[in-house]
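J.: sequence first, predicted coordinates after that:
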Amino acid sequence: MSLSLENVSAGYAGRPVLSGLDLAEVPSGSIVALVGANGAGKSTLLRGIAGLGEAKGRIVLDGQDISELPPEMLVGRIGYLPQALPQGSSLIAYEAVMSAVRAARPDSPRAGGAAAIEQVFDTLGLRDLAMRRLRELSGGQRQMVGLAQVLVRKPRLLLLDEPTSALDLRWQLTVLETVRRMADAEGAICVIAIHDINLALRFCDRLVVLGGGGVLSSGPPATALDADVLRRAYGIEARVEACSRGFAIVLADHALSLDHHSP
Ligand SMILES: Nc1ncnc2c1ncn2[C@@H]1O[C@H](COP(=O)(O)OP(=O)(O)OP(=O)(O)O)[C@@H](O)[C@H]1O
C-alpha cells in the first residue's frame, strides 16, 4: 500500500478550499497526521481522498489513480470515519459493527463476520459496550463504536477525521496505539485529522500542517514544526521543545491578535 497526492484541489460547489496540494509518497505502515486551524481543510481533504467530495488532481493509491478504481474496490480498501457521527439509533453496538461488515462484503455477508466483530471489540477494549444501544451511549463511547465499524473491515487505507475528539486520555491512547499496531502489523496507511498536536507529534510518521489553502509544512514530526509554522498555522506564539522521552512537544504561550493570523 502506498498513497500520494499530486496537485490536488478540493472544495465545495466550485469554491476551492485547498489547491495545488502535493503529498510525497506515503509508504506502507505510515501514520500521517493532518493538523491546522479550524476551517483549514482537513475534513475536506479526507473526504476528497475518500472519494466523497469534490477533488481534482491525482490521488494515487498503490500506483493507481483512485478516479480509475471501481467504487466497490475503493469501499474495500478505504475506511473513512467522519467527524460528525450519526446520532445514536436503536441498534445495539454489536449490530452496528455487524452492519459495517455487511456493507463491505455484500456478496458474502456472514463469512468471517462474527470472529472479526469479536476481535475488534476485544482490540478496542469495548466488550462492555457490545450489547448497549447506540442512543444510550455517551459521545465518546459512540465515537469508539464508530471506530470499531471502520476497523472491523481491516481497510488498507484508514481516513480518520478527529477520531479522538470526544475521548478521555486513556481512550485517546487506545485509539492511537491500535492504529499504530494496524499500521505496523498489516502495513495499513492511516491519515488522521487531529487537533491534539502533541498526540499527533507522538504517533505520526509524517505531520502535514494545512493553512492558507495548502500545505504550510510537512515532514517527520521532529522537524515539521517550529515557532514560525505554528504562528502562521494557528496565530499563536508557541515553543516546540523535547519532552523527557525525546518526543517533540508544543507549548502554546498565547494567541496573537487576529491581524497576525494571516497564513
Ligand atoms: N458542506 C460544505 N459546503 C461549503 N463549504 C464547506 C462545507 N464544509 C466545509 N466547508 C468550508 O470549507 C472550509 C474547510 O472546512 P473543513 O471542515 O475541511 O475544515 P477543517 O480543517 O476540517 O476544520 P475543523 O478543524 O473546524 O474541523 C471551511 O471554510 C468551511 O467553512
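T.: Good, I have the coordinates.

J.: quick one: contacts of stretch 57-66?
T.: Contacts with stretch 57-66, where a contact means CB atoms under 8 Å, 6 or more residues apart in numbering, come from 1-9, 21, 48-49, 51, 67, 69, 74, 77, 157. Any C-beta I mention is one placed from the backbone N, CA and C, and that applies to glycine too.

J.: show me which residues of stretch 129-146 are buried.
T.: For stretch 129-146, burial by neighbour count (16 or more other CB atoms under 10 Å) applies to 129-130, 132, 134, 137, 141-146.

J.: one step back: narrow the contacts of stretch 57-66 to those that are buried.
T.: Buried members of these, counted by 16+ other CB under 10 Å: 1, 3-5, 8-9, 21, 48-49, 51, 69, 74, 77, 157.

J.: need the residues of the stretch 1-150 of the chain near the ligand, please.
T.: Counting by CB under 6 Å from any ligand atom, the stretch 1-150 of the chain comes close to the ligand at 12, 17, 36, 38-44, 83.

J.: can you select the buried ones from those residues in ChimeraX?
T.: Burial among these is assessed by 16+ other CB under 10 Å; the matching ChimeraX selection reads:
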select :17,36,40,41,42,43,44
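
J.: need the residues of the stretch 1-150 of the chain next to the ligand in CSV with pLDDT and distance to residue 55, can you?
T.: Conversion of these to CSV gives the following (pLDDT from 0 to 100; distance: CB to CB, whole Å):
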residue, pLDDT, distance to residue 55
12, 94, 11
17, 96, 10
36, 98, 17
38, 97, 21
39, 97, 18
40, 98, 16
41, 97, 11
42, 98, 14
43, 97, 12
44, 97, 9
83, 89, 17
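
J.: show me the residues of the stretch 1-150 of the chain next to the ligand that map onto helices.
T.: The members of those that map onto helices under DSSP state H are 42-44.

J.: quick one: residue 92 from the ligand, how far?
T.: Remark: distance between residue 92 and the ligand (CB to the nearest ligand atom, to the nearest Å) = 29 Å.

J.: continuing past the longest helix that the chain contains, what's the next helix or strand?
T.: Ranked by number of residues, the top helix in the chain under DSSP H is helix 169-186. Going down the chain from helix 169-186, the next helix or strand is strand 189-193, by DSSP states H and E.

J.: ok, residues contacting that next one?
T.: With contacts defined as CB under 8 Å, 6+ apart, strand 189-193 is touched by 1-3, 26-35, 42-43, 45-46, 49, 83, 156-163, 179, 182-183, 200, 204.

J.: which of those residues fall within helices?
T.: Counting by DSSP H, those contribute 42-43, 45-46, 49, 179, 182-183, 200 to helices.

J.: of those, closest to residue 87?
T.: Closest approach between the ones in helices among the contacts of strand 189-193 and residue 87, by CB to CB: residue 43, at 18.6 Å.

J.: the nearest residue to residue 139 once chain neighbours are set aside and the ligand: what is the separation?
T.: Leaving aside its sequence neighbours, residue 139 sits nearest to residue 166 (CB to CB, 6 or more residues apart in numbering; 4.3 Å). For residue 166, the distance to the ligand equals 13 Å [CB to the nearest ligand atom].
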